[in-house]
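> sequence first, predicted model second:
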2 protein chains.
Amino acid sequence: MASLRDIATSAAINLLSAFGFLMAFAILRLQPFNDRVYFPKWYKKGIRSSPTRSGASASKFVNLDCRTYLNFLNWMPQALRMPEPELIDHAGLDSVAYIRIYLLGLRIFVPLAVMSFAVLVPVNWTGDTLERSKDVTFSDLDKLSISNVPDGSSRLWAHIIMSYVFSFWTFYVLYKEYGVLATMRLDYLASELRRPDQFTVLVRNIPPDPDESVSEHVQHFFRVNHPDTYLTHQTVYNANKLAALVAEKRSLQNWYTYYQNKYERSSNRPITKTGFMGLWGTKVDAIDHYTSLIHKLSEEEAAERERVSNDPGSIVPAAFVSFKSRWGAAVCAQTQQNRNPTLWLTEWAPEPRDVYWDNFAIPYFELTIRRLIVAVALFFLIFFFMIPITFVQSLANLEGIQKVFPFLKPLIEVESVKSVLQGFLPGIALKIFLAVLPSILMAMSMIEGYPSLSALDRTSAAKYHMFILVNIFLGSVITGSALQQLKTFLEKPPTEIPETIGEYIPLKASFFMTYIMVDGWAGVAAESLRLVPLVLFHLKNAFLVKTEQDRSEAMDPGSINFAINEPRIQLYMLLGFVYSPITPMFLPFIIIFLAFAYVVFRNQIINVYDQKYESGAAFWPDVHKRIIISLIISQLLLLGLLSTKGIGKNSFAILPLPVLTLWFYAFCKGRFESAFVKFPLQEAMIKDTLERATEPNFNLKAYLKDAYIHPVFKSTDIEKPDSLLEEEESPLVATTRIPNKQSPSSSASPASTQSHV
Amino acid sequence: MASLRDIATSAAINLLSAFGFLMAFAILRLQPFNDRVYFPKWYKKGIRSSPTRSGASASKFVNLDCRTYLNFLNWMPQALRMPEPELIDHAGLDSVAYIRIYLLGLRIFVPLAVMSFAVLVPVNWTGDTLERSKDVTFSDLDKLSISNVPDGSSRLWAHIIMSYVFSFWTFYVLYKEYGVLATMRLDYLASELRRPDQFTVLVRNIPPDPDESVSEHVQHFFRVNHPDTYLTHQTVYNANKLAALVAEKRSLQNWYTYYQNKYERSSNRPITKTGFMGLWGTKVDAIDHYTSLIHKLSEEEAAERERVSNDPGSIVPAAFVSFKSRWGAAVCAQTQQNRNPTLWLTEWAPEPRDVYWDNFAIPYFELTIRRLIVAVALFFLIFFFMIPITFVQSLANLEGIQKVFPFLKPLIEVESVKSVLQGFLPGIALKIFLAVLPSILMAMSMIEGYPSLSALDRTSAAKYHMFILVNIFLGSVITGSALQQLKTFLEKPPTEIPETIGEYIPLKASFFMTYIMVDGWAGVAAESLRLVPLVLFHLKNAFLVKTEQDRSEAMDPGSINFAINEPRIQLYMLLGFVYSPITPMFLPFIIIFLAFAYVVFRNQIINVYDQKYESGAAFWPDVHKRIIISLIISQLLLLGLLSTKGIGKNSFAILPLPVLTLWFYAFCKGRFESAFVKFPLQEAMIKDTLERATEPNFNLKAYLKDAYIHPVFKSTDIEKPDSLLEEEESPLVATTRIPNKQSPSSSASPASTQSHV
């Protein structure tokens, strides 16, 4: 195990690299030409726009005001300054709930660290085992850990008692937090302005009717069964092909505009090639070429639009049914309609922008089959993913490459190239796999047939969490592939598994410390720098931006990638729980990560991210569940570790803890979960009554008329698009023609911009 | 292993004893003086009454018509004759669904047996392993089992393929049956006459309100949140003490009547003693004594009644809320009312007679604590119950008895008594424990706080099923206590557990065959004989019956004891699944049991049982789940057995089966379960509409007024008790004074009675 000095050195290096990232971030964000990279949220909101007044041409790109550099870290207090209610207003509850995960972690682990250092460090330090056994190499770090306590010592009771204290403290914090989140969600739903999804229920698996169209059938069914509350409904079209055509046409139009601009500037008819990306093929006049292409596509699109609108076969057996009151919608969403519970399935409609339109037509049987297949596939993905990767790795050696690409032979045989390749190749297949893994998991969730983006994110996160648990946590503790672990687990008695893992745990502390520093600290700092969006924005700006629309699209605010980030936090929390009774020195590393990540992500959600949807923190039950899983794992591992410490049956004193934890989970589930699933009738009634009193003559039917139509139909409408559908729509930049290079409005610090809100 | 001949002998003995029971049953049931033992259901229904016309005094007791004895087995076709819809009408859906479990077993196992005998028996018979290895003793039975197939033989593929065929056939039958039951339940609910529980919702955990009484609070809450449908409500009183007083008074009144009668007959003032049961204490005049006791108790009861009615503290924070329509009740039962999901908990109200009145006042936190405690207690009960029993057994030896009761010493030292005692004592503690086990489990379920008798039965059955699975099935396969098994399981790798058990399975076939014959065949025959109720009825009739009311109470029709019987069927089904691919000879024993039990229980539900409640087959999801559990266990054990048969990794060809079975379970759960939990709005609406059309002026409020008041309040009302509450009420015999010994109406066979219906 590494010594304290090694760890301190590593920490210093990582702190420095994180500091470097932060410096870069602090400087880059003050440059006006990066404004759209670091403050896109304000652009999207229309509050900040590319300033038009002229100035020194250099100051269009570079911030020359030296004073602003002096306080280069002042974004941190700025990020912390916005109060939570305002933040919910500004960024939505999803974002706020997400950063509260870090806060929750701090609330759990800061007291745990204090207690650990107050009680366990002295107990461990004075244990003196390692000093007496002179043959073992040990470090100061080990002296602080449970390894320094002699086997069979009654000092181990301190660890047992503290693990109870830790668990009960965690229960307390988790319970409070779940309560706060449930209240926040209900308040958020209650305080929201009128939104179409409050009145709307998504109905799926509408049975076919020989005599009626889907639309008529829906209307008759709800007229009869919800006579007092049914208002209107919107059928769903299978417009996937049309959406593809529309997207293609938009791209062609951009190219057309690009060549048009080029022609206007140079007066030479631009020329393009007909092949892929204009790279090969016969040369043609670009403007004519794209005009004809657009014309052809427009015809195709019109035909498809005609077909979709008129062919009853393109109507999917699903509908968005709207009610006269929130009460009516709440009733319909929570009840069973038909005696066959797989028909007329009702659920809360997701926000219009949260709808995932491709998954509406799956019947119940197919849905369960898909879930089975995905579950089996996930199992194989988690436990057997190393097999194809090892296979690819065995192919991707130098000999293999020489065989397939003989012309590369001279290059490969250069000694320096060869050594680089040999070091680089074996890892590349794994790296590529890990990079695309979240997309694979998302695709699996899509196959499972969830109807909203938020649900897709949640289930992908669950899958990624399992992968991390098995392949990163267990895979690092007991070195070896998941497949080998699976074999070990199946061939060992269940009581020995915690022992086996528990034994390795103290040895791996320094490895995980380094992991947290590299993956956690530096990763978060890199997140703030937004290196990839920064480079991409400038690349696009320089080479690809042809139209104003393109520039606005080049500005990619991104969003909290819940499906990737949340499972990672869970890994750190798991490590924190596992090490808090074993190696207390571990906790400061986690606390630094959590605090740092909290500040960075708070800045990101204020200035950068633009969420694709707002689910009202619907993911919280999952977060809670996964923290409980981490807690139980840590308790079982401590039990395993203690049983190797020679205190006999006393180690079973831990056993009630997992049982209590399970009970705590069931208790919280019953107490809070339905706040995230159902909508209480009392709340709905209060809001209905209030609204009826304030706006007795509001025309709800007109308001809901087009809320849930497929975005491709919306874009052709003459009326102005609904503000809620801005994601689907393009004209988000200021409509005035803005020159390609703008002068900065001023060197105003973002804080002043924020104060405009 | 026993030979075919041994098994045949055992079968013959058991068949004979079953036949003996049946003969006794056939003869006893024709005797008029047993009429109330074997046909109580018709008495309860008021269709059959003790006949009053005089005849030969002997024929009052004994059936002298010889012809009726000739067709002594004709009760069987009679039992099968009543068509199912009529049976539902006569006995309720619970009873019909219960006997359908036997039918389901037949539908599964008859084809399984046919396929087994057609395919597996020839494969096994020609395996020739046992004949070649001459040193092993083997029997004909073994030659038919998988033991006769040589290790590593490709013949084992037959067993693998057949296990797939068996599982798929089981899926098919289970799916069909679940569908049929769901339809039956919904039809039953739809076809029912108006019942209070259709309009009523049980609301629990009503929060206290400082300004309002519970009743006002309920009224205001539902007036506001269900403005169009709320009708009325009924608060719940904590009348447990009052109920005890009422019961005590009734018993005293019976004694008073008894002494009054005695005095009238003998003219001597009867004398009793004041001590327990009149066995000791000072002698007093019995009539005066009981008069004064009743007078005292009446005052006490009146005071308590006054206290309960006026003390707001005796109102429990629960209420039965009734709605104007079934639709309104269905909506309220399925939705969340308050933002705190543990307050204003709504669920379908159980039938008035199904209500378990003691469990209404438990708050959510206490409820979850109770469930935790019961779960832990159940774990210890299942795995550690042998410890106290062994302890008691060690005390209950002859020396111990001699020490405690020295005066018994001369008796014990008689050689014959001693040997009997020594054989008898060790088992008695275990036998007593097993006899009271269902009551212990029921008490545990009561602690868990379920509000209805049907839910208590269901959860007790689940607990008993677990106990049987661990202590009878596994305990018999790997001989040894559950605690030893637990140790084995914890100390063996999970992959080896199915192997360990699987290895023993073929060896235990003859043991389980005998078990089925003794416990199953003879047990069912004994059930038909109703020996205990028969003896008890005649004992009570002779010694304890003092009043007409007592005679009616002495007639104990009993009911299907779902909590005991269903887990036993599950054990047999488990054995059937386990042995169908291994020892096909096993199946006929199960089929005979199922067929026989079906006929007997059909007779019992027609003529005897009087169900305490009607839950509309709400237990079916549990039955389905437990069959699935049995199926998965059997698949894993086959996997374990095959992996000892030397076919290497080929045995993993079974592995997809448990996964498929789990998927099938999830599929059926989604497809059917909600029919047993929720009430579809469409059905409610149809029934409401129909009723509104046929009876537009029905006064529902008056109808529901007293439906859900505690039975002790009901019995003092002047109005006639609701027919639905007959269970709670006593006057069920004909009100005319009937002489103690009646003449039989005729020797009419029960069939003619049935045709009166």
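Arrived safely.
> can you count the residues close to the closest residue to A:P350 other than its chain neighbours?
Of all residues not flanking A:P350 in the chain, A:S452 sits nearest, at 3.6 Å (C-beta to C-beta, 6 or more residues apart in numbering or on different chains). Just so you know, the C-beta spots here come from the backbone N, C-alpha and C atoms, and that holds for glycine as well. By other C-beta atoms under 10 Å in any protein chain shown, 23 other residues sit near A:S452.
> so A:S452 sits against A:W348, correct?
No - counting by C-beta atoms under 8 Å, A:S452 does not reach A:W348; the two are 9.5 Å apart.
> which stretches of the stretch 101-250 of chain A have low pLDDT?
A:127-141, A:192-193 (pLDDT under 70).
> what's downstream of the longest helix seen in chain A, the next helix or strand?
Using DSSP state H to define each element, chain A has its longest helix at helix A:156-191. Scanning forward in sequence from helix A:156-191 by DSSP states H and E, the next helix or strand is strand A:200-204.
> helices and strands around that following strand, which ones?
Packing contacts for strand A:200-204, counted by 3 or more C-beta pairs under 8 Å, 6 or more residues apart in numbering or on different chains; DSSP states H and E, involve strand A:315-323, helix A:326-334, strand A:345-348.
> any chance of the ones you listed in JSON lines, with mean neighbour count too?
As requested, the helices and strands packed on strand A:200-204 are exported to JSON lines (neighbours: other C-beta atoms under 10 Å in any protein chain shown):
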{"stretch": "strand A:315-323", "mean neighbour count": "24"}
{"stretch": "helix A:326-334", "mean neighbour count": "25"}
{"stretch": "strand A:345-348", "mean neighbour count": "20"}
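> could you point out which of these sits nearest chain B?
Closest approach to chain B among the helices and strands packed on strand A:200-204 is made by helix A:326-334 (4.5 Å; C-beta to the nearest C-beta).
> what about that closest one, near chain B?
Yes - for helix A:326-334, a contact with chain B is found by C-beta under 8 Å from any C-beta of the partner chain, at A:327, A:330-331, A:334.
> which residues in chain A form strands?
A:200-204, A:230-237, A:271-273, A:283-285, A:315-323, A:345-348 (DSSP state E).
> looking at these, which is nearest to B:T272?
strand A:345-348 (67.9 Å; C-beta to C-beta).
> how far off centre is that closest one?
The chain centroid and the centroid of strand A:345-348 are separated by 25 Å, computed with C-alpha atoms, centre = their mean, to the nearest Å.
> who does it touch, helix- and strand-wise?
By 3+ C-beta pairs under 8 Å, 6+ apart, strand A:345-348 packs against strand A:200-204, helix A:326-334.
> ok, which of those comes nearest A:A318?
The nearest among those, by C-beta to C-beta, is strand A:200-204 at 4.6 Å.
> and that closest one with strand A:230-237, angle?
50 degrees (axes from the mean of the first three to the mean of the last three C-alpha atoms, to 10 degrees).
> report the inter-axis angle for strand A:200-204 versus helix A:326-334.
Using the same axes, to 10 degrees: strand A:200-204 against helix A:326-334 is 20 degrees.
> which residues touch the nearest residue to A:T232 once chain neighbours are set aside?
In space, A:T232 comes closest to A:S322 once its chain neighbours are excluded; the distance is 5.1 Å by C-beta to C-beta, 6+ apart. Residues near A:S322 by C-beta atoms under 8 Å, 6 or more residues apart in numbering or on different chains: A:196, A:199-201, A:231-234, A:329, A:700, A:704, A:707.
> same check, this time on A:L156
A:L156 neighbours (C-beta under 8 Å, 6+ apart): A:146, A:149, A:642, A:645, A:647, A:650.
> do A:V608 as well
Per C-beta under 8 Å, 6+ apart, neighbours of A:V608: A:38-41, A:530, A:557-558.
> out of those residues, which are inside helices?
Using DSSP H, those in helices are A:38, A:40-41.
> run through the residues that contact A:A244.
No residues are in contact with A:A244 under the rule C-beta under 8 Å, 6+ apart.
> out of the helices and strands packed on strand A:345-348, nearest to A:V417?
strand A:200-204 (56.9 Å).
> now A:V414: phi and psi?
phi -60, psi 130 (degrees, to the nearest 10).
> burial count for it?
So A:V414, with other C-beta under 10 Å, has 11 neighbours.
> gap between it and chain B?
Distance of A:V414 to chain B, computed by C-beta to the nearest C-beta, to the nearest Å: 47 Å.
> next: A:R339.
Relative to chain B, and taking C-beta to the nearest C-beta, A:R339 is found at 5 Å.
> residue ranges with poor pLDDT in the stretch 501-650 of chain A?
For the stretch 501-650 of chain A, the ranges with pLDDT under 70 are A:541-551, A:553-554.
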